[in-house]
Structure formats: structure tokens, C-alpha cells
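>>> Sequence plus the predicted model coming up.
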Amino acid sequence: MKTLFRLCIGLSMILISACHRPADAKPQAGRPKNVILFIGDGMGLAQVQAAQLASDEPLNLLKANSIGFATTRSADHDVTDSGAGGTAIATGFKTRNGMIGMKPDSTEVPGMVELFAQKGYSTGVVVSCALTHATPASFLAHAVNRNLYEEIAADILQSPVDVLIGGGLKNFTARKDGRTLTKEMEDKGFTFLNHIPEKLMPDWKKLLIVTDSGHPEKVQNGRGDHLPKGVELALKQLSKNPKGFFLMVEGSQIDWACHANDSSYLIAEMMDFDQAIGRALHFQEKNPETLIVVTADHETGGLTFPKGAIKGSYRCDFSTGDHTGVAVPVYAFGPGAELFTGFYDNTDLIKKIMELTEGK
Ligand code: MG
Ligand code: ZN
């Protein structure tokens, strides 16, 4: 009990210091033109704190002035999976665990990529997993089961998305139906590359960058700056649209590190995710009409720091190898960020984002 109390005090102090607005920071008024949504898969408050404890520098994430919490349960479980969690964030509808971009009765519902594209915004998705995996799929496709990777890849062809960066090439090219979806996407105007280039070519309109046959490596095994560099490139391409853009970025492997109860894997993935957030904040400095929202689909691992664990070196304790049902933090930066404070449900995120933009 005492441990829990101390942990609560510790977490409250972090929250209070993070929520404290510097004297010179004014609330940013006006509508955002651009929206960048970061999802740290499995990233609860303790995952953020673990990364902060491991870092000499303040995390970019913790520079947010507006912080809230979102509940994450799915339509059929107190503890969501990433399919239902991603669908709740992308579409505003709760669904059953394992489903992608549809209601529990299998009715397809549009997600933010479709909604923003309909309004003339450019849209993009950048992830550190296969593009067909549950979280990006929730923004790009509709499927009764998250494991239907080849069907999801074919459905991505129907998405109005402009920029895709991630892994999962085999789901596009080594398929049971013999289709070569990369070729079909080139026919639709995509430039297809198997690496993240240093520069954009002026004639590139839509980008399909698939760096790996399956999932990109762990950062620890040489993924390099795939995610931060992917974010930077996507922002360059998407910001060509004078109307604005919507970009979803996922730190996909935070979840996998926590399933494995592997704290060094977790910290490496968290630092990579925070670097990607840093690139977005750098873009926002020059483009202040940009709203950045950082949240998670659920917490993974039941991570905590038991009594005595935080003293110079600290110890991460995981209480499960699965997801948990605790609410996740939401950090917001830029015009309209204030709307993301408070305690609400993850289906409210899209309502807040649409209320702030013309995508309503
Ligand atoms: Mg995911
Ligand atoms: Zn998971």
C-alpha cells in the first residue's frame, strides 16, 4: 500500500511539473491546419517515466503543456487489443477485439485518413511495423480480423492515403492471389521505394515506402532512424498541400517490448518514438498552425516501479505479458491543445480533432 502511495505521489509530481505552463507560454488560439497524431502502442504513463528516467535530457513528449487521460476499453473487453484500440482512435467507434475499421456488426466506418482526404487534406501513415499490422490498418483498411494481412494490404489500395512508410512488403508482393500490389499502387500514382530517401523528388505525388519484407527491425538490432527520418520525409511531402494534412505516426514496438517484459527494448523504442516526436516539434516551430497529439491505444505489461526501484539505477517491474485496462496519457501541443486536457474516452479523440479542424 505504501509502495502504491509513493508511486502515486511520484507520478503526481511528474504530472504537476509536466502540466505547469511556463510563464511565457501563451495558449495558442486558432484552428490547426495540420494534425499529427502519434500513437505509442502500449505506452502507458510508466513507459513514459521509464524513458525519462533512462534519459539525461528531458523527453520531447514531456514538453507538452496540455495533458489528459483516455480510457481504452473495447466493445467486448475491459482490456482492448490494438485492432479495437486503433479503430476507436481512428474512427470514433468501439469495436470488438481483433476487428479493424468497422463496428461490432461488421459495418465499415471511415477513419481519419478517409475523413481528412474527403475534405481535401493530404494524409499519411508512418510506422515501425508492417503497414498491414493492426494499428496502421485501423487507419487504412477495414477487416473483420486483424490477421487478414493480405486482405488488409489489398484494402490499403482503396485508401485515399498519400504517404505510407513502414514494413510488410510480402503482404503486397508475395500473395496467394498472385497480385503485385506495389505495381497496382504505382499505376495509381504512387512512387514505390524500398528505403527512406534523403530527399524528395519534385515530381513525387504519392509515396509508398516499404522498407522490409515483414516488420522493420528493433532499434537495438539496427533499424536506425527509420521512424524519425520517415516522419521528417512525410512532413516534407504532406506539407506541399496548402489545405493542410493529417499524419498518423506509430511507435509500434513499444508494445512488443512490454509483451516481452524487456525494459532495455522498451527504452530503446521509447527514445526512438520521442525522437520522432522531436522532428514533428521542429516542424511545428516553423509551422505553428500544426496540432500534435501523442497518445496510446492501451498500456502493455502493467509496468511499475516498486519500492526502492528508483534510486540512481532503477528497475522496471512488469505485472503481465499482456495489455492492461489502465487509462493512457494524452499529450497535446499547438493550436487547440487545451481541448485534450481532462479524463475522457479514446473515442473522443477524433471528435476533438474534427472539432478543431474543418474536417468536422
Ligand atoms: Mg500497433
Ligand atoms: Zn500488444
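Done, it's in. Ligands and ions are numbered 1, 2, ... in the order given.
>>> Who are the packing partners of the longest strand seen in the chain?
Looking across the chain with DSSP state E, the single longest strand is strand 122-130. Judged by 3 or more CB pairs under 8 Å, 6 or more residues apart in numbering; DSSP states H and E, strand 122-130 is in contact with helix 112-118, helix 134-140, strand 163-167, helix 226-238, strand 245-251, helix 263-286. Any C-beta I mention is one placed from the backbone N, CA and C, and that applies to glycine too.
>>> what does the stretch 201-350 of the chain have sitting close to ligand 1?
residue 252 (CB under 5 Å from the ion).
>>> Could you list the low-confidence segments of the stretch 201-350 of the chain?
Within the stretch 201-350 of the chain, the stretches with pLDDT under 70 are 308-314.
>>> next one: phi and psi at the residue in it that ligand 1 sits nearest to?
Here the stretch 201-350 of the chain gets closest to ligand 1 at one residue, residue 252, 4.6 Å apart by CB to the ion. For residue 252, the backbone dihedrals (degrees, to the nearest 10) come out as phi -70, psi -30.
>>> do the same with the one 3 residues further on
Summarising the backbone geometry of residue 255 under the convention degrees, to the nearest 10, its torsions are phi -60, psi -50.
>>> show me what contacts it?
Shown in contact with residue 255 (CB atoms under 8 Å, 6 or more residues apart in numbering): 41-43, 82, 300.
>>> Surely the residue of the stretch 201-350 of the chain closest to ligand 1 and residue 135 touch.
Yes: using CB atoms under 8 Å, residue 252 is in contact with residue 135, at 6.4 Å.
>>> Find residues that contact each of these two.
Residues touching both residue 252 and residue 135 (CB under 8 Å, 6+ apart) are 41, 127, 129.
>>> From the residues you listed, pick out the ones that also neighbour ligand 1.
When the shared contacts of residue 252 and residue 135 are checked against ligand 1 using CB under 5 Å from the ion, the ones in range are residue 41.
>>> buried subset of the shared contacts of residue 252 and residue 135?
Among the shared contacts of residue 252 and residue 135, those buried by neighbour count (16 or more other CB atoms under 10 Å) are 41, 127, 129.
>>> Just the closest residue of the stretch 101-250 of the chain to ligand 1, please.
residue 135 (3.2 Å).
>>> which residues does that residue contact?
So residue 135 contacts 39, 41, 82, 85-86, 127, 129, 250, 252, 297 (CB under 8 Å, 6+ apart).
>>> If we use 7 Å, what do you get?
39, 41, 82, 86, 127, 250, 252, 297 (CB atoms under 7 Å, 6 or more residues apart in numbering).
>>> Many thanks, I have nothing further to ask.
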